[in-house]
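Undergrad: pasted the sequence and its predicted model underneath.
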Amino acid sequence: MQVRGLLLLLALMLLAATSEAGKNKKEKVKKDGSECEDWRWGPCVPNSKDCGLGYREGTCKDESKKLKCKIPCNWKKKFGADCKYKFESWGGCSTQTGVKTRSGILKKALYNAQCEEIVYVTKPCSSKTKSKSKGQ
């Protein structure tokens with residue numbers, strides 16, 4: 001009987017400790033955050049060159065903040081790092097232009113970025129012909 005009581009007491013103490021820890025985390029978020037809810041964020045500005053680590057500035061009423069951000073160096077800079085698109089498969093190669101094309105539909109605009117709804121990208125056709133042969 002005493003063992004059960006001891007285990008029950010231990011379980012209650014553990015439960016109380018974890019719920020208190022959860023409250024502390026929530027309070028920290030509120031202290032670090034702002035009460036302003038209408039933040040306007042600018043584009044991610046790299047620290048050097050045109051990609052890599054950088055920051056974006058945000059304003060809300062009289063407050064301003066800077067957030068760390070990153071622009072991948074292999075990113076399509078034409079679209080901006082805050083515009084995410086879902087692309088179709090590449091189309092066939094045009095013999096007249098020597099390029100193939102595909103389109104992308106806007107999937108997500110981060111930080112209220114101004115993004116085009118549909119974008120088109122091209123790339124040169126491959127000079128090699130790929131064959132899909134299966135070995136037997």
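TA: Right, received. Where do you want to start? Residues are numbered from 1 along each chain as shown.
Undergrad: what pairs with the lengthiest strand in the chain, parallel or antiparallel?
TA: Looking across the chain with DSSP state E, the single longest strand is strand 99-109. Partner strands for strand 99-109, per DSSP bridges, with pairing direction: strand 83-87 (antiparallel), strand 118-124 (antiparallel).
Undergrad: how about it: buried residues?
TA: 100, 104, 106 (16 or more other Cβ atoms under 10 Å). Glycine gets a C-beta too; all of them are placed from N, C-alpha and C.
Undergrad: show me the contacts for Trp41.
TA: Contacts for Trp41 (Cβ atoms under 8 Å, 6 or more residues apart in numbering) come out as 56-58, 67, 111-112.
Undergrad: mind putting those residues in CSV, pLDDT and neighbour count included?
TA: As requested, those are arranged in CSV below (pLDDT from 0 to 100; neighbours: other Cβ atoms under 10 Å):
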residue, pLDDT, neighbour count
Arg56, 91, 19
Glu57, 91, 14
Gly58, 90, 17
Leu67, 91, 14
Tyr111, 84, 16
Asn112, 82, 11
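Undergrad: now flag whichever of the residues you listed is closest to Ser48.
TA: Ranked by distance to Ser48 (Cβ to Cβ), the contacts of Trp41 are led by Arg56 at 15.7 Å.
Undergrad: remind me which residues of the protein are low pLDDT?
TA: 1, 5-34, 75-77, 128-136 (pLDDT under 70).
Undergrad: JSON lines for the strands paired with strand 99-109, including distance to Asp62?
TA: As requested, the strands paired with strand 99-109 are exported to JSON lines (distance: least, Cβ to Cβ, whole Å):
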{"stretch": "strand 83-87", "distance to Asp62": "29"}
{"stretch": "strand 118-124", "distance to Asp62": "36"}
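Undergrad: picking up where we left off before, any idea which of the contacts of Trp41 is closest to Cys83?
TA: Tyr111 (10.3 Å).
Undergrad: ok so the closest one is a helix residue?
TA: Yes - counting by DSSP: H, G, I helix; E, B strand; the rest coil, Tyr111 is located in a helix.
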